[in-house]
Structures are given as structure tokens and as C-alpha cells.
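Novice: predicted model and sequence follow; I will ask about them next.
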Amino acid sequence: MSIRLHQLLAGAAPGDAVTDQAFQWRSALDDAGINSDIYAEYVDSRLFGNVLPLYMLPDDNAGTLLRYSIWSRANWLAATRPGRLGIVYHNITPARFMRGSNPVVAELCSRGRRELEQFASRPDVVVADSTYNAEELLAAGWPDPVIIPLLQRLPMPPPVRDPVPPTMLYVGRIAPNKRIEDLIMILAHVREHHIPDASLDLIGNWLEFPIYRAALDELAGRLGVTDVVTFHGHVSNEVRDRAYEEAGAYVSMSEHEGFCNPPLEAMSRGLPVIVRDAGAVGETTGNAALLVRDRDIPLAAAAVARTLTDVRVRHGLAVNARHRLEEITPEALTPVILQTISPLLA
Amino acid sequence: MIDDDKRDRPLDVDAIMAELQAVVDADRRGVAEEPVFVAGGADDEAEGVHFDMALLHSTRPVVGRAVTGTKRAIARSIHTVLEDFANQVTAALGDLRETADTAASQLERVYLALEQLRTRVDHLARLEARLAEIDAIATRIDAIDQLSLEQRLARLEQRVGDDRPVAPAPPVAPVPVRVGGMAIARARIDDLTDERLPAYWSVIDSGGPVLNLTPGGADVTESLTAAGFTVRAIDADPTDAGMADAELVADPVAALGECAEGSLGGIVAIGIGDHLAPEAWMRLAPLAARALRPGGGIVVEIINATTPAGMALRSRDPSLAQPVHPETLAFLLRAAGFADAEVRTLGAFPEEMRAPIEAETDWFGRRLNDMAGVVNRLVVGEPIAVVLARR
């Protein structure tokens, strides 16, 4: 009889970072002889069979690993199971960022944060994927978490290209806390002051925030950049990776991030990264990105222009990126994961 | 191109950003500080209306910078004029936010109250269902009570009203015999006499002789004699009279009438009553009252026709006449002048044949016991009755 550790999520969908982490951990646990099925309250039809609905969770004493990212029935189910409980905290987007665009998701986020304190005494194992997230848990009265960055296998940066196309790339959800309006203003600033033919590609789902997407279109129109701002929506991993390889710089002005994986993906494909230093972003990228404090549009625009035009900056960032990526390889993280979850397997 | 020796050199990102910051700051100083219109709180909870000067950037070729500069000049002028207004709007938004927070808090309390109300409504609905069940049970119990009352009323109606004052009777020894009803139903009534008879004699006055009217009543005479009484036995059946050493008479009731007034201490009739016609009954009671001396008593044992077992016993002897109800017999005796007339029943059925009477623990248990009592009286009632009366 194999050792089992059930993973519970609020929702599972392709491209979702939490879902991807569940898959990555399952693969690592499987290599260690640990069976780890994934259960979610909401399962995207493309993942049927790969992720099981919550009601199929067996009523056994096996350990449970809850990925806490929003309020969900999975949370209470995990808390009331008889076996040992581990929680991986992926952070919860503050509701204020989305209350005007999607009050339903905002309420779920708000409830997730409100009930965070109620779980404080329950888990046997607590994991946070960044120091930023760990500090939130400590503030909510949780025991000291083990910090384990997102588990993923990324390539090392390829040789630096020169020249590069004047294309800014953003990958992630089109959501209010991502401050996509800042990216559009940066693009306008770059085009006016630095590179007149610069453009912006945005890859990510906006279906949860259609009102916000409409407002972004309006802004782009007012700034006269509609023709050079392209919303691609959700795309396959292959298309996304090709976009990384063809863009000139990765840029993000997200105001709240619990870890933020796309900058790591971008730097692993050789893209210079310019991001706002908010939440856990600075901790995630280390010194492998140009960090912009606050919403300083001219500064961000200057940083973008510099990376697009200065090959030495791109070389230096690629060197820093290589060092950063070597710190978070699966080979480095998997032993930490196995040791951390060992109390759940008793 | 970049030198090969610099390809693997790490980049000091802080230095790069500081350099860029300096350039940007210098550019800002060159165009004066950009005003920013902000209505609403500066904190993250209430973004308000944020108007950034970057929105004024013009991308028109050649004249872009001039157009942008013009726009900014106009914006700064507007900003100067409207700054106070913006501050007022900010304050108003702050008040509005407090009001909204209060409303949200109240709304949360309303939701909580609604949830509690819903819980109570659910509870009341369950109580209502329980009440309906209780009503149904109460209706059934009322029907049972009604049946019980009807039975008791029927019994009372059997007792003919006797409002004459009754002299206190001397204590009567209890009948010790408890013979199983089924055994009685299979046997002749004569088989029962030996054990129960002595208990009857307590109503007889030893100051006078006893007239034994029992058909074939040798054992009765024997019991009376053994108890010290002087006995005169009479019998209308020659065979029985011979066997019982009794006087042969044509009509025992008429023979009773021939006795001198107040001459007898007792009259005993075991089984004779079932052989008498109704008119003989009407004569027996006053004749007995006349013949007995004050303090004398009469013992009349009959088959208890009020019970199925008694009727079964009667059906074994086709010579028996019309049955008489023990209460009717008691009534006739009272009407004839007997001071008291007590009816007792004999031959209880064994407990395993009777409906059980449990210890009364609650209201429902008492109702069940009442019902069991009714069932026992109606179905397995004692088959023998004896009427004991004193003059």
C-alpha cells in the first residue's frame, strides 16, 4: 500500500500558477514513491481526469496538503479531515483590487483572508512560497512557516540577442492588481521619449474582469497606442514560450504578488526583466531584474528603454538571472519539500 | 558589440536604477513638477479618482512635445484652480467611506441576524411537525379514554342505584382461592368448593341453623358442619338428596318460605341460582330476608355471566336456566331488606394469559395500564361470582 498525500485546491485550470504547483509537487512526490492525487472544488474541463472533483476525496486518514489562495470549500474540508494537515500559502489578492471589477471574486478573497486566522492552530506543516507570504502568516498568528519557492524546471538563459525588437511583454492575468494601465502608460512614455516604434504584448486571461479590460481599451485609445497594444488572452505554453523568445523585455507593474512566476520564466528565456518592487516580486527576482519603486512611470519607461537599447545591461541581467535560477532548481528544492512534508506521511 | 571579458560580469542593478532615477529626476526638474489630481484617499483601500499627467502625453509626430507641453500648462492651471475643490472632494469621499464602512458593518449584522432567524424558523418548522404528531397521538388517546369511560359507565349502570344508607359491615375474610380461569372452564363448578367455602361462612350468624340449598351439596354441608354450624340441607333431585343426606323437597324456594321468620342463621346456595327461573329469583330474596334472623347472612354462588369464560362454563350444562347477573342478584337482595350485598369474583386467569400491567411510570404508561385493565375485564374476566349479604 503506497503512502498517500492528498492535495486540495480551490480551483484547477490550465495556466493557473497554483494548479501548476500542484502538478509539480505531484511529480516530485511521485518520484519519491508518494501517491498524491489532486482534488479541487472547481475543475476546468480540460483537466478532467488529471484533477479530481472535491467530492471524490476519500474519507481516509491520509495526510492532506491544502493550497490556500482564496476562500473555498476545500479549505473547510481540509480543516475537518481526521489526518494530518499541511498548508501551502500562496497568498490571497486583497479584495480592494477587484471589488469594483468582480465583486464575487473579491468577496471570496476577502473571506479567505478573514478566515486565515481560524486555521492558525490547525496545520501540522506550514509552507509559504516567499518571505512576503510567510510574514503575512506570522501576522495572522500562524506558526513559523517553511519557505519553499515555486517548484519548476526552467531552462538557463540563452545567449543574449542583439539587437532586440522594441517589444514589451507581459504574462499574467489581466486583473486590476496587475496594474495593466501602468504598462500602457509606460508604453506611451517610451514611444514619446525613447523608442517611437515600441509595442506591448499582453498574454493572459481577462474573463474574470471584462469591465477592467474595457477600461484598458479606453485608456489605450486616449493615449493613441491602441494599434500597438495587443491582448492575446490565454495561450498555450508553447505560444507563451515563443513570445518570451521573440520579445525585447518583460515588464510588470503588478501591485500585489505573493511570489510572481512569470519574471522567472522570462529571465530563463533570456529576456531582461523590469518589474515593480511590490509584494514578493523583489524577493522572487533577486538582483536579476530592474526593480521600479512605486508607480513611477517615467522611471519604468527609462528602464525599459535602457534594456531594449543597451546590450551590456541585457548581458549583466542574464548573468544575474543564471545565478538566481540555479538557486531554485528542482534538484535544490525537492529534498526540502520531502523533508518538510514528512510529518504528514506518518 | 561587447567585450568578451565583460560578458559574464554581473550587473549592479541598483546602480543602473540609481542612474536612471537621476536622469528621470533631471528631466522632471526641467519641465517643473507635474501636478497630479487625486480625489479620494491616498491609501489602497480607496483609490478615488487618480489623474496622471502621463495621460496628457501626445504621440503626434513633430508637434508631439509642443502639444504635450500645452496640455500640461493647461492642466497645471486647472489644478491650481481646482485644488481646493479636490481637497473638499477628498474629505467628502472620506466621510462617504466611513458611511460605507458603517453600512457594511450594519449589513453584516443584518446577514448574521437573518442567518439566526433562518435557524430559528427551521427549528420552529420542526417543532410544528412534532406538534402535529403529538396532536395525532392525543387524538388516539382521547379515543382510548372515551372507550375506557364508556366501559366504566357500563359497569356503573350495572350497579343499580341504592341510595339507602348502608350499615357498616363487619370485616369479611378475603377469599383465598385463586384458581386459574381456564381450569375452571374445563371443570364442573362443584370441583371448586373445598378451598373457597370457609371464606364464605364469615357472613353467617352462628346463632341459628343454616339452610343449605346447594344441589348435591354434601361437601357444602360438610364444610358448614366442620365450621361448627347446625345445617339443614334440602334438595329437589332425589339422587342428589340421597347422596347428600338432604331432605327431598319439591321446590327448594317454597321450602325456604316455610321456614319460621327470623329462624335461620344463614342460607347457602352454591350453584342453585343457575337452575332457577326468573320468577323464582324474585321470590327467593324476600323469603330469605324473612327467614333469616338479624345478623344472619346469605351466600349465593353463581356463574359469572359477564365474562366469556363464565359463559363457556354455562354452555357445558344444558340444564342451566337463564343466567342472572351478579349485580342483579345483589340488587334483589338489597331490595328485599339486606343491609349490604357484596359481589366477589373468583377464578382469575393465570398472569401469562392476561394483558400485562406495568409499573406506572408516566402519563402514557398509565393510559396503557387503563387499557390493559379494560381488556382483562372484558376478555379474561373471572368466571365465578359470589354474592354475600347480611340481614
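Specialist: Sure, I can see it.
Novice: per-domain residue ranges of chain A.
Specialist: With domains defined by automatic domain parsing, chain A comprises A:3-151+A:329-345, A:167-327.
Novice: quick check: end-to-end length of the longest one?
Specialist: So the one you mean is domain A:3-151+A:329-345. 7 Å (CA to CA, to the nearest Å).
Novice: do the longest helix belonging to chain A and chain B come into contact?
Specialist: Ranked by residue count, the top helix of chain A under DSSP state H comes out as helix A:311-327. Yes - Helix A:311-327 reaches chain B (CB under 8 Å from any CB of the partner chain) through A:Val311, A:Arg312, A:Val313, A:His315, A:Gly316, A:Leu317, A:Val319, A:Asn320, A:His323. All C-beta spots, glycine's among them, are computed from the backbone N, C-alpha and C.
Novice: now B:Ala339: phi and psi?
Specialist: The phi/psi pair for B:Ala339 (degrees, to the nearest 10) reads phi -70, psi -30.
Novice: hmm, it is touching B:Arg390, no?
Specialist: Yes - B:Ala339 is within contact range of B:Arg390, at 5.5 Å (criterion: CB atoms under 8 Å).
Novice: how much space is there between the spatially most central residue of chain A and B:Gln88?
Specialist: Central residue of chain A (CA atoms, centre = their mean): A:Cys260, 3.8 Å from the mean position. Using CB to CB, to the nearest Å, A:Cys260 is found at 39 Å from B:Gln88.
Novice: tell me which element the residue nearest to the centre of chain A falls in.
Specialist: Using DSSP states H and E, A:Cys260 is not contained in any helix or strand.
Novice: contacts only, for it.
Specialist: A:Cys260 makes contacts with A:Gly172, A:Ser252, A:Ser254, A:Val275, A:Gly279, A:Ala280, A:Val281, A:Thr284, A:Thr285, as judged by CB atoms under 8 Å, 6 or more residues apart in numbering or on different chains.
Novice: mind listing the strands for the chain?
Specialist: Assuming you mean chain A. A:3-12, A:34-35, A:38-43, A:52-53, A:63-68, A:85-89, A:125-128, A:146-147, A:167-171, A:199-203, A:229-233, A:249-252, A:273-276, A:290-292 (DSSP state E).
Novice: oops, wrong one, chain B.
Specialist: Going by DSSP E, chain B shows strands at B:37-39, B:49-51, B:210-212, B:231-235, B:247-248, B:264-270, B:292-303, B:340-346, B:384-390.
Novice: so what strands line up beside the third one?
Specialist: Applying DSSP bridges to the sheet, strand B:210-212 is found paired with strand B:231-235 (parallel), strand B:264-270 (parallel).
Novice: mean pLDDT and mean neighbour count added to these, as JSON lines?
Specialist: Listed next are these as JSON lines, based on pLDDT from 0 to 100; neighbours: other CB atoms under 10 Å in any protein chain shown:
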{"stretch": "strand B:231-235", "mean pLDDT": "90", "mean neighbour count": "21"}
{"stretch": "strand B:264-270", "mean pLDDT": "93", "mean neighbour count": "26"}
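Novice: what bits of the chain have low per-residue confidence?
Specialist: Just so you know, I chose chain A. Applying pLDDT under 70 to chain A flags the ranges A:1.
Novice: my bad, chain B
Specialist: B:1-7, B:30-55, B:57-61, B:86, B:155-194, B:244, B:273-274, B:316-319, B:360.
Novice: so in it, which helix runs the longest?
Specialist: Under DSSP H, chain B gives helix B:64-158 as its longest helix.
Novice: residue 196 - how many residues pack around it?
Specialist: Reading this off chain A. Residues near A:Pro196, counting by other CB atoms under 10 Å in any protein chain shown, number 12.
Novice: wrong chain, I was asking about chain B
Specialist: 21.
Novice: isn't it right next to B:Leu346, touching?
Specialist: Yes - counting by CB under 8 Å, B:Arg196 touches B:Leu346, with 6.4 Å between them.
Novice: give me phi/psi at A:Ala175?
Specialist: phi -130, psi 160.
Novice: which residues touch residue 284?
Specialist: Unless you meant another one, I'm taking chain A. So A:Thr284 contacts A:Ser130, A:Pro149, A:Glu257, A:Phe259, A:Cys260, A:Asn261, A:Pro263, A:Leu264 (CB under 8 Å, 6+ apart).
Novice: if you could check chain B rather than the one you did, that'd help
Specialist: B:Val253, B:Leu256, B:Ala269, B:Leu276, B:Leu332.
Novice: relative to B:Glu258, how far out is it?
Specialist: B:Leu284 is 13 Å from B:Glu258, by CB to CB.
Novice: again, but for A:Pro176
Specialist: For A:Pro176, the distance to B:Glu258 - CB to CB - is 127 Å.
Novice: quick one: neighbours of the residue lying closest to A:Leu223 once chain neighbours are set aside, just the number.
Specialist: If the residues on either side of it in the chain are set aside, A:Leu223 comes closest to A:Ala188, at 4.3 Å by CB to CB, 6 or more residues apart in numbering or on different chains. The number of residues packed near A:Ala188 is 27, by other CB under 10 Å.
Novice: do the same with the one 5 residues further on
Specialist: Here the count is done by other CB under 10 Å, and A:His193 has 17 residues near it.
Novice: now it. Nearest residue, chain neighbours left out?
Specialist: A:His193 sits nearest to A:Ala301 (CB to CB, 6+ apart), 6.6 Å away.
Novice: re earlier: of the contacts of B:Leu284 - the most surrounded one?
Specialist: B:Ala269 (27 neighbours).
Novice: ok, back up a step: adding mean neighbour count and distance to B:Asp27, write the strands of chain A out as JSON lines.
Specialist: Below are these laid out as JSON lines (neighbours: other CB atoms under 10 Å in any protein chain shown; distance: least, CB to CB, whole Å):
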{"stretch": "strand A:3-12", "mean neighbour count": "23", "distance to B:Asp27": "45"}
{"stretch": "strand A:34-35", "mean neighbour count": "16", "distance to B:Asp27": "57"}
{"stretch": "strand A:38-43", "mean neighbour count": "20", "distance to B:Asp27": "49"}
{"stretch": "strand A:52-53", "mean neighbour count": "16", "distance to B:Asp27": "56"}
{"stretch": "strand A:63-68", "mean neighbour count": "26", "distance to B:Asp27": "45"}
{"stretch": "strand A:85-89", "mean neighbour count": "25", "distance to B:Asp27": "42"}
{"stretch": "strand A:125-128", "mean neighbour count": "24", "distance to B:Asp27": "40"}
{"stretch": "strand A:146-147", "mean neighbour count": "16", "distance to B:Asp27": "40"}
{"stretch": "strand A:167-171", "mean neighbour count": "24", "distance to B:Asp27": "20"}
{"stretch": "strand A:199-203", "mean neighbour count": "21", "distance to B:Asp27": "22"}
{"stretch": "strand A:229-233", "mean neighbour count": "16", "distance to B:Asp27": "24"}
{"stretch": "strand A:249-252", "mean neighbour count": "28", "distance to B:Asp27": "20"}
{"stretch": "strand A:273-276", "mean neighbour count": "27", "distance to B:Asp27": "18"}
{"stretch": "strand A:290-292", "mean neighbour count": "25", "distance to B:Asp27": "16"}
